[in-house]
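# Return atomic coordinates for the entry below.
(one chain, ligands or ions: 2)
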Amino acid sequence: MTVSQLTPPALVDHKGLNEWISEVAALCKPDRIHICDGSQSEADKLTAEMVASGTLIPLNAALRPNSFLARSDVSDVARVEERTFICTNQPEEAGPTNNWMHPKEAKETLTKLFDGCMRGRVMYVIPFSMGPLGSNISHIGVEITDSPYVVVSMRMMTRMGKAVLDLLGADGQYVPCLHSVGKPLAEGEADVSWPCNPDTKYICHFPDTHEIISYGSGYGGNALLGKKCFALRIASAMAHQQGWLAEHMLILGLESPEGEKKYIACAFPSACGKTNLAMLVPPKGLEGWKVTTVGDDIAWIKRGDDNVLRAINPEAGYFGVAPGTSGKTNPNAIASLQRDCIFTNVALTPEGDVWWEGLTDTLPANLIDWQGKEWTPDSGRKAAHPNARFTVSATNCPSLDENWDNPQGVPISAFVFGGRRQTTVPLVVQSYSWRDGVYMGATLGSETTAAAAGAVGQVRRDPMAMLPFCGYNIGDYFAHWLSIGERIENSIVDGEESTLPLIFCVNWFRKDEGGDFLWPGYGENMRVLKWIFERTSGAGGAESSELGYRPRFVDIDWNGFDAADESRFQSAIKIDASEWLQELDLQREFFAKVGKSLPATFTSIQARLQERFAPKKP
Ligand code: O2Y
Ligand code: MN
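Ligands and ions are numbered 1, 2, ... in the order given. From the prediction side, this is the model:
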């Protein structure tokens, strides 16, 4: 269909959506419009076109069937936090942790950039559901994009296509998500393999009108708008307005050898092994336990009529970090990646397969690196980009939970917050109350790694692992978390058991004085998860501490653990008063930044902690 044919007849049965499609087409001036039906034949056709244009390199079909490698532009390899904006009428609504822009200014700037930006390209319309089709926890979006890479990725990452349009009907609600790579083509101009705009990028969110506009990047979190933009930034604002939670959390199922099953949701900042934990394989000695994966990155959580918090994974696939993923760290991820994947910015082997740092113990003799250059082990550079990714459907995952697509969601028994801390934070601690637990989540800190910008090893506060993803004022977000607990507590009738999930804080990354990790991590984390499971059943021993309940050595199941060492466990679980007094100072620094929207409850919890660690002399 050419531009002149874009006006009625209607492209879809939804009047509002039709109008939006026509408006966008008139502004962006694509060569034609394609409404995505989500079919296999559509995906195959787009994939073949991308192979022809050089955007995708087919991998050896005997080694990795129906799988492809994409190499992005060097300027377009990760989310761009400094170009990510929350557009509200008042800066206070975006709060001190977000970049703010007035919606009027954002729309004026973006309208100019979008004028003619799709010349020479196809404009794809992608109807998608975040969450199981028709679930009352799910929400629908429509992404308009000029990137076929986005279309095939959205097909893996969301429920996408005709079924969603049918569900939307003539007047259903949807979040409009507009995206362009920002590289129009002049008449006869040849395209590059990864079109983007190296100089100008905007990732704009409009929480009042529930809209997203992204310009200039074709990569992951900037372009697959269902993910961070919708499922976290816009959804967190919707959740605030409507009384639910949109969180940067994996969801996993834990099943005991006796067949009792619980679900927990865990928030970790980037580079803390979220996908690995979501797909954990229990260690030697705990083989009777089963861990199943509902989601590896995002949870939407609503209160049911029974007062239980139920969660869905709004996504339908994984966009995971490849480097560090191996048969040892995450065998379920490796098994998921055997076929039907897109790899972005990994290295290519001479056999036509993929490789990344950490995949094998021995380095391959020669590779083509993520930029398409010859690579050998003494090249002095990484073969894969540190943020190289795999994209794969959830249905490829052997540990996928039977309820992953259940429209009712899964009942959450515990929330777990964790960061990367070499010192100070104990292996695991259970908060004394919902309020204390919310405080624990809000003060979550994580040390920066080489993969992130800034000095390595510095503690960055990352409340609930939502610092880059909360679509409104972070102080109001804390108050919202407190109010969710209050609402549930207040509706529990006397004598009835509480349905409020327990809250825990974990730290897999504590080190000894020699710099070695005190806790082995990976599959062995199951021992901590088992204790959490037992606590949610009212079983599981613990002792009280300044921060909350923590397990004693005897409370952890050491069956099969090579050389269980009580003194190392004691070091991992230790709470040191002098370290905590410094930690409280850092927390106060962060609270000062939050400013007047900080809940008063936090100030009193902090005063209580200060008093516990440095009791005032009478
Ligand atoms: O770099 C990107 O564009 C992706 S960021 C990402 C992707 C999957 C899961 N989590 C994240 C994150 O930054 O938390
Ligand atoms: Mn994430």
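
# Please make it C-alpha for all contacts and neighbour counts, starting now.
Will do.

# what distance separates the start and the end of stretch 45-60?
19 Å (C-alpha to C-alpha, to the nearest Å).

# Contacts for that stretch, please.
Residues outside stretch 45-60 that contact it (C-alpha atoms under 8 Å, 6 or more residues apart in numbering): 65-71, 148-149, 152, 191-194, 351-354.

# do the same with stretch 89-102
Residues outside stretch 89-102 that contact it (C-alpha under 8 Å, 6+ apart) are 82-88, 103, 467-468, 471-475, 593-594.

# Buried by neighbour count, from the contacts of stretch 45-60: which ones?
Neighbour-count burial (16 or more other C-alpha atoms under 10 Å) applied to the contacts of stretch 45-60 gives 66-71, 148-149, 152, 191, 193-194, 352-354.

# can you pull the contacts of the most centrally placed residue in the chain?
Nearest to the mean C-alpha position of the chain, by C-alpha atoms, centre = their mean, lies Asp297 at 3.5 Å. Contacts for Asp297 (C-alpha under 8 Å, 6+ apart) come out as His248, Met249, Leu250, Ile251, Lys274, Thr275.

# who does the third one bridge with?
Taking DSSP bridges as the rule, Leu250 bridges to Cys266.

# That one reaches Ala299, doesn't it?
Yes - counting by C-alpha atoms under 8 Å, Leu250 does reach Ala299; the two are 6.5 Å apart.

# Give the intersection of the neighbour lists for those two.
Residues touching both Leu250 and Ala299 by C-alpha under 8 Å, 6+ apart: Ala265.

# Glu143 should be in a helix, yeah?
No - under DSSP: H, G, I helix; E, B strand; the rest coil, Glu143 falls outside any helix and is assigned strand.

# Tally up the residues packed near it, please.
Per other C-alpha atoms under 10 Å, the neighbour tally for Glu143 reads 25.

# and it, what is it in contact with?
Tyr124, Val125, Ile126, Pro127, Phe128, Pro176, Cys177, Leu178, His179, Leu225, Gly226.

# With Val594 instead?
Counting by C-alpha under 8 Å, 6+ apart, Val594 makes contact with Gly95, Pro96, Thr97, Ile474, Gly475.

# Mark which of these are part of helices, please.
Ile474, Gly475 (DSSP state H).

# Out of the contacts of Val594, who's the most crowded?
That'd be Ile474 among these, by other C-alpha under 10 Å, with 25 neighbours.

# Leaving out sequence neighbours, find the closest residue to it.
Gly95 (6.3 Å; C-alpha to C-alpha, 6 or more residues apart in numbering).

# Excluding residues flanking it in the chain, which one is nearest the residue in the stretch 351-500 of the chain that ligand 1 sits nearest to?
Residue of the stretch 351-500 of the chain nearest ligand 1, by C-alpha to the nearest ligand atom: Asn387 (6.2 Å). Closest residue to Asn387 apart from its sequence neighbours, by C-alpha to C-alpha, 6+ apart: Val321 at 6.0 Å.

# List the beta-bridge partners for that neighbour.
Beta-bridge partners for Val321, by DSSP bridges, are Arg389.

# Beta-bridge partners for Ile301, please?
Per DSSP bridges, the residues bridged to Ile301 are Leu245, Ala311.

# Tell me, how many residues neighbour it?
If you count neighbours by other C-alpha under 10 Å, Ile301 ends up with 26.

# Can you get me a residue count around Phe561?
14.

# Format the contacts of Val594 as JSON lines; extra columns: pLDDT and distance to ligand 1.
Putting the contacts of Val594 into JSON lines (pLDDT from 0 to 100; distance: C-alpha to the nearest ligand atom, whole Å) gives the following:
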{"residue": "Gly95", "pLDDT": "98", "distance to ligand 1": "20"}
{"residue": "Pro96", "pLDDT": "98", "distance to ligand 1": "20"}
{"residue": "Thr97", "pLDDT": "97", "distance to ligand 1": "16"}
{"residue": "Ile474", "pLDDT": "98", "distance to ligand 1": "17"}
{"residue": "Gly475", "pLDDT": "98", "distance to ligand 1": "21"}
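
# now the contacts of Val594 in CSV, with distance to Gly445?
What follows is those, written out as CSV (distance: C-alpha to C-alpha, whole Å):
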residue, distance to Gly445
Gly95, 19
Pro96, 17
Thr97, 14
Ile474, 15
Gly475, 16
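
# so which of the contacts of Val594 would you say is closest to Pro283?
Ile474 (38.0 Å; C-alpha to C-alpha).

# just to revisit the earlier point, excluding covalently adjacent residues, which one is nearest to the residue nearest to the centre of the chain?
Per C-alpha to C-alpha, 6+ apart, closest to Asp297 is Leu250, 4.7 Å.

# ok, the one you found - contacts?
Ala265, Cys266, Ala267, Lys274, Thr275, Ala278, Val294, Gly295, Asp296, Asp297, Ile298, Ala299.

# Restricted to strands, list the residues you listed.
When DSSP state E is applied, those are split such that Ala265, Cys266, Ala267, Val294, Gly295, Ala299 fall in strands.

# The residue of the stretch 351-500 of the chain closest to ligand 1 and Gly523, how far apart?
Using C-alpha to C-alpha, one gets 23 Å for the distance from Asn387 to Gly523.
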